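>>> Okay, sequence plus prediction incoming.
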Amino acid sequence: MRNQRLVFVMLASCLLASAGFAQVGRGGAQWLTAMADAQRTSWIRVDDKISVATMSEPGFELQWRVTLANAPRGLNAMGSGVTANGVTLFVPMSIVTGSSNNVYALDNDIGYVVWQRHFDAPLPPITTSCPGGITSAATRIVALDVSDTATSSNANAGRGAGYRSVIGEPGEGVPLVSRAGGPPPAAPPIQAPPAVAPARGSNPAAPAPAGRGGQAADRIPGAPQTVGRGGFLSRPSGVSYVISSDGMLHVLGLASGKDLQRPAPMLPANAKWSAPIAVGTTLYAATSGTCGNAPNGVWAIDLDSDTKPVLSWKTNGGGIVGNIALTSSGTLIAAIGPGQTAGDGKSNAIVALDPKTLQLKDWFSQPATDFATGPTIVRHNDKDIVAVATRDGRIVLLDADALGGSDHMTPLFASKPLLTSAAAVSGDALAAWQQASPPAQPTDTWILLPVRGRPSVGNSDPNGAISQGAVVALKLSQSGGLSLETAWVSHDLAAPAAPIIVNGVVFALATGAPPAPTGSGSRAVLHAYDGATGKRLWNSGAAMTGFASPGSFWSGLGQIYIGGHDGTVYAFGFNDERSYTK
């Protein structure tokens with residue numbers, strides 16, 4: 001027994017020493033905000049587990065599922081998770097919002113609920129256009145340079161150790177659960193930990209050395225000034241940012257779920273907001289539908305100010321469509337839908353806003369152009385290209401530095417409608433990725449369009465006839481000017497979501513359909529395709545039992561995660577976990 005204890009102490013010491021130099025846990029890049037990055041591409045560049053080669057072999061399967069106690073509000077239920085590697089030394093987690101003012105931290109290895117929060121904010125009656133509650137995902141800090149956040153591992157990275165590290169009560173040891181076996185432990189009851197507010201009027205701590213963007217190198221925006229200092233083991237593992245239904249911004253510690261600072265008002269209560277995104281020391285979100293009497297617009301809050309000032313830009317016209325995105329230089333790009341304008345208001349437009357002042361910098365507008373998605377931004381030939389889809393199924397490409405040219409009406413390219421008359425753009429987002437190419441050859445850039453119903457292209461595609469919906473893959477071409485060419489079309493998919501691209505593999509989610517008086521609905525099914533050829537590599541079959549919650553689809557750390565409308569979260573990946581000897 002003494003020798004065993006000695007081995008354990010030595011092993012723990014080695015792990016503590018190495019933790020400061022490498023992220024321990026599952027390999028693969030992280031998913032820090034809805035749609036993966038500031039450009040809203042849904043693209044993870046590099047992953048050391050998922051690739052076309054590995055997905056062509058058996059082994060990718062359902063790893064775990066856990067049902068969370070969240071009451072859906074209309075079709076709104078679970079948000080897209082955000083991932084965090086190495087929390088409390090070993091645990092890789094996903095922070096997932098629930099529509100009924102809930103937040104959950106899930107262990108990505110086995111689905112164990114590490115902590116959960118419930119915000120006691122009043123919930124309004126549910127309507128079709130204004131579901132109330134938490135209407136979108138959490139976020140973490142995202143770098144504008146995607147190479148900083150999208151490549152936390154590389155092609156030569158090791159697989160990493162998948163240790164469990166949620167320690168039980170004294171004498172209980174470590175709660176071990178087989179990944180592919182039985183259900184995870186029951187979730188603890190929801191409770192709200194007490195808020196930890198910084199002392200007002202106290203002397204601030206000495207400033208830490210500045211990091212990128214002028215931010216202190218070891219500072220966490222929104223956390224108390226004394227948090228995040230000292231040696232590696234004394235530093236918190238980071239925070240996530242969540243907006244509750246009363247419009248309050250919460251800065252939650254990843255390890256505990258506690259408020260690290262007093263919650264601050266950001267949005268009108270009971271608004272409907274898009275997925276927030278935090279860059280540097282500012283968090284942005286957009287409102288639409290005038291829910292809770294919130295005006296349509298873009299909002300920004302200073303995370304690192306004690307007073308948390310809020311700026312806003314009102315459209316004075318249409319609502320914000322989908323999520324806002326940021327260019328590589330930090331300019332905010334937003335899509336605006338139809339609406340009655342007042343003064344210099346905007347509708348049916350794509351706008352560029354200054355990230356510090358939210359002042360209007362530029363815009364593209366055509367009165368008859370009704371946008372169906374928010375912007376997705378790709379870097380092509382050293383230029384930021386903004387891609388958006390219209391409700392009649394066209395893809396519009398804009399120069400981020402001059403959205404509509406001198407007349408604010410001229411795009412770089414607009415495709416022909418890609419839909420039949422009975423079809424529609426599915427969801428509110430495109431996806432984009434780039435395929436690695438040999439030196440001195442142009443990089444292939446891809447835009448992915450999810451469609452409900454039958455697209456007007458790909459009817460003779462090898463993946464079969466389309467009736468319910470599909471993902472259409474288009475390749476950017478520079479021949480004779482910028483244009484898009486249809487490359488392949490997926491199989492028939494029921495209500496496809498905006499796809500996720502991981503290391504050249506396109507994951508297309510058929511979200512399924514809720515039960516209706518005329519039918520029993522359909523289950524969600526996940527499909528994996530070779531992104532360059534459209535060859536299907538894998539599908540989940542009957543692994544999921546219900547339909548997916550809109551927008552609850554994320555990746556990171558070598559797995560794919562899906563949130564069901566009934567609160568069930570599913571994790572798919574390779575069963576390559578550690579072994580345990582008792």
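Thanks, I have the structure now.

>>> so who does Ala138 touch?
79, 81-82, 95-97, 103, 240-242, 252, 276 (CB atoms under 8 Å, 6 or more residues apart in numbering). (Glycine included, C-beta is placed from N, CA and C.)

>>> Now the buried members of the residues you listed.
Listed as buried from those are 79, 81-82, 95-97, 103, 240-242, 252, 276; burial here means 16 or more other CB atoms under 10 Å.

>>> Mind checking which of the residues you listed are in strands?
In this view, those that belong to strands under DSSP state E are 82, 95-97, 103, 240-242, 252.

>>> Out of those, which is nearest to Lys272?
Nearest to Lys272 among those is Thr97, at 13.9 Å by CB to CB.

>>> Can you give me the distance of that closest one to Pro355?
As judged by CB to CB, to the nearest Å, Thr97 and Pro355 stand 24 Å apart.

>>> what do you get for Ser100?
Separation of Ser100 from Pro355 (CB to CB) stands at 32 Å.

>>> what do you get for Ile243?
For Ile243, the distance to Pro355 - CB to CB - is 19 Å.

>>> Counting neighbours around each, name which of the two comes out higher.
The residue with more neighbours, out of Ile243 and Pro355, is Ile243; 28 against 19, by other CB atoms under 10 Å.

>>> Check whether the more buried one really touches Leu252, as I assumed.
No. Judged on CB atoms under 8 Å, Ile243 makes no contact with Leu252 at a distance of 11.3 Å.

>>> what about stretch 516-531, average pLDDT?
What stretch 516-531 shows for mean pLDDT is 90.

>>> pLDDT weak spots in the protein?
Scanning the chain for pLDDT under 70 picks out 1-28, 87-89, 146-220, 222-237, 438-441, 459-461, 577-582.

>>> mind redoing it with 50?
Residue ranges of the chain with pLDDT under 50: 1-2, 4-27, 148-217, 227-236, 578-582.

>>> how about the helices in this structure?
Ranges of helices within the chain are 2-19, 52-55, 146-149, based on DSSP state H.

>>> start to end distance for stretch 523-540?
11 Å (CA to CA, to the nearest Å).

>>> in that stretch, what counts as buried?
So for stretch 523-540, counting by 16+ other CB under 10 Å, buried means 523-532, 534, 536-538, 540.

>>> what is Phe507 paired to in the beta sheet?
Ile500, Ala528 (DSSP bridges).

>>> Next up, the contacts around it.
499-501, 526-529, 555, 560.

>>> Now render the residues you listed as JSON lines, adding distance to Gly280.
Below are these laid out as JSON lines (distance: CB to CB, whole Å):
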{"residue": "Pro499", "distance to Gly280": "29"}
{"residue": "Ile500", "distance to Gly280": "26"}
{"residue": "Ile501", "distance to Gly280": "26"}
{"residue": "Leu526", "distance to Gly280": "34"}
{"residue": "His527", "distance to Gly280": "37"}
{"residue": "Ala528", "distance to Gly280": "35"}
{"residue": "Tyr529", "distance to Gly280": "35"}
{"residue": "Ser555", "distance to Gly280": "24"}
{"residue": "Ile560", "distance to Gly280": "29"}
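
>>> ok, now which ones touch Met266?
By CB under 8 Å, 6+ apart, the contact set of Met266 is 243, 247-249, 283, 285, 299, 301, 308, 310.

>>> same question, Pro295
Remark: with contacts taken as CB under 8 Å, 6+ apart, Pro295 is in contact with 287, 312, 314-315.

>>> just Pro265 next, same as before
Counting by CB under 8 Å, 6+ apart, Pro265 has contacts 247-249, 308, 310.

>>> I'd like to know which of those is nearest to Thr443.
Distance to Thr443 across the contacts of Pro265 (CB to CB) is lowest for Leu249, with 38.0 Å.

>>> Excluding covalently adjacent residues, which one is nearest to that closest one?
Spatial nearest neighbour of Leu249, chain neighbours left out: Met266 (4.4 Å); criterion: CB to CB, 6 or more residues apart in numbering.

>>> Thr127 versus the nearest residue to Thr533 once chain neighbours are set aside, what's the distance?
Nearest non-adjacent residue to Thr533, counting by CB to CB, 6+ apart: Trp488, 6.8 Å away. Distance of Trp488 to Thr127, computed by CB to CB: 39 Å.

>>> Between these two, which is the more surrounded one?
Using other CB under 10 Å as the criterion, Trp488 and Thr127 rank with Trp488 on top: 24 against 12.

>>> and stretch 130-139, how far out from the chain's middle?
13 Å (CA atoms, centre = their mean, to the nearest Å).

>>> no, scratch that, I was asking about stretch 318-327
Counting by CA atoms, centre = their mean, stretch 318-327 comes out at 14 Å from the chain centroid.

>>> How about it, which residues are buried there?
Across stretch 318-327, burial judged by 16+ other CB under 10 Å covers 318-327.

>>> Closest to Lys475 out of those residues?
Ala325 (21.0 Å).

>>> unless I'm mixing things up, that closest one is touching Ala38, no?
Yes. Using CB under 8 Å, Ala325 makes contact with Ala38 at a distance of 6.7 Å.

>>> Kindly format the C-alpha coordinates of stretch 135-142 as CSV.
Presented in CSV, the C-alpha positions along stretch 135-142 are these (Å, rounded to 0.1, in the frame of the first residue of the first chain):
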residue,chain,number,x,y,z
THR,A,135,-31.9,32.6,-26.7
SER,A,136,-28.4,31.8,-27.6
ALA,A,137,-25.0,30.3,-26.7
ALA,A,138,-22.3,31.3,-24.2
THR,A,139,-19.0,32.6,-25.5
ARG,A,140,-15.4,32.8,-24.5
ILE,A,141,-12.7,35.2,-25.6
VAL,A,142,-11.9,34.7,-29.3
